[in-house]
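**Q** the sequence and its predicted three-dimensional model are supplied below.
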Amino acid sequence: MLGGGAFLENKVEQLRKERGLNQEDFAKAIRVSRQTVSSIENGKYNPSLQLAFIISDFFEKPIEEIFIYERSKTNEEK
């Protein structure tokens with residue numbers, strides 16, 4: 001998890017659906033559980049850097065196009 005009021009938004013669900021994959025098939029392709037995919041898509045879990053690279057490679061897109069780093073306003077004011 002990221003601290004300091006930071007979180008990752010992501011486009012994993014959108015990209016997965018564009019490929020015509022369900023969560024189970026995508027999970028198998030990147031070697032994680034379907035629950036992990038669901039948690040990432042719902043923003044309940046930020047993937048490890050290694051997993052983020054695996055997802056990036058799978059979709060053939062830069063990490064920053066898939067995972068968008070946001071800071072809270074209170075963090076920016078400091």
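**A** Looks like it arrived, so ask away. Numbers count the residues shown, from 1 in each chain.

**Q** make it CA atoms for all contacts and neighbour counts henceforth
**A** Will do.

**Q** and Gln50, what element?
**A** Element membership for Gln50 (DSSP states H and E) is helix 49-59.

**Q** tell me how many other residues crowd Ile40.
**A** When counting by other CA atoms under 10 Å, one arrives at 19 neighbours for Ile40.

**Q** so what's it closest to, chain neighbours aside?
**A** Counting by CA to CA, 6 or more residues apart in numbering, Asn46 is the residue found nearest to Ile40 once chain neighbours are left out, at 6.1 Å.

**Q** can you count the residues close to that neighbour?
**A** Applying other CA under 10 Å, we find 20 other residues in the vicinity of Asn46.

**Q** helices and strands of the chain: which one bottoms out on pLDDT?
**A** Lowest on mean pLDDT, DSSP states H and E among the helices and strands of the chain sits helix 73-77, with a mean of 49.

**Q** returning to what we had before: counting contacts, what elements does the helix holding Gln50 pack onto?
**A** Counting contacts by 3 or more CA pairs under 8 Å, 6 or more residues apart in numbering; DSSP states H and E, helix 49-59 packs against helix 23-30, helix 63-66.
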